[in-house]
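Peer 1: Next input, structure requested:
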Amino acid sequence: MLAVLDAFAEWRGAPRFRVVQSLPPYALATPGFPLRAIAALAARAALGGPREVLLAVMQAARMAEGAAGPHPLPESLRRARANAARSWLAALALPQAPRQAIARVIEASAGSDSDALARAWEAVAQLVVSPGTDLAVRAELRRVSLMLSPRVP
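Peer 2: As a prediction, the model looks like this:
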């Protein structure tokens, strides 16, 4: 295909030049946001309760990833994040059941018990999954669940 385009450019008398799209060897990779589908679902949700629950679930997922993700944070930093997240969660208008489940994830992310964190996350994931939940959201919830599951050697 490129040969055809080059021949056409030469026939028209246009200069031939190609754009090389490679990064220099010292360039950093562009960071990606791992919870795009949940954020998009929160953006489409109605103002108030449903949107705030989804935002709190997204925060809980970020807290869980900071505790047990590929690059876990030190315990002192996790405790500081948990304290800030508790204050933020108190300011939201959430129903009691989601508030308690998300608070358990925040508490567990500050500690070192990975089993407690996995159990708390599963309770939060059950809040979001419904018959109308799209596959991308389910995949993101599942990714976090797999990240928190015990690793079999």
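Peer 1: buried sites along the helix ranked longest in the chain?
Peer 2: As assigned by DSSP state H, the longest helix anywhere in the chain is helix 49-68. Residues of helix 49-68 classed as buried: 52-68 (neighbour count, 16 or more other CB atoms under 10 Å). In this view, the C-beta of every residue, glycine as well, is placed from N, C-alpha and C.
Peer 1: helices and strands around that helix, which ones?
Peer 2: helix 36-44, helix 75-90, helix 96-110, helix 114-128, helix 135-148 (3 or more CB pairs under 8 Å, 6 or more residues apart in numbering; DSSP states H and E).
Peer 1: Select, out of the ones you listed, the one closest to residue 28.
Peer 2: Of all the helices and strands packed on helix 49-68, it is helix 36-44 that lies closest to residue 28, at 20.1 Å by CB to CB.
Peer 1: Dump the closest one to CSV, restricted to CA.
Peer 2: What follows is helix 36-44 as a C-alpha-only set of coordinates in CSV (Å, rounded to 0.1, in the frame of the first residue of the first chain):
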residue,chain,number,x,y,z
ARG,A,36,-11.8,4.2,32.6
ALA,A,37,-15.0,2.2,32.3
ILE,A,38,-16.0,2.9,36.0
ALA,A,39,-15.2,6.6,35.5
ALA,A,40,-17.3,6.6,32.3
LEU,A,41,-20.2,4.9,34.1
ALA,A,42,-20.0,7.4,36.9
ALA,A,43,-20.1,10.2,34.4
ARG,A,44,-23.2,8.8,32.9
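Peer 1: Understood, closing this out.
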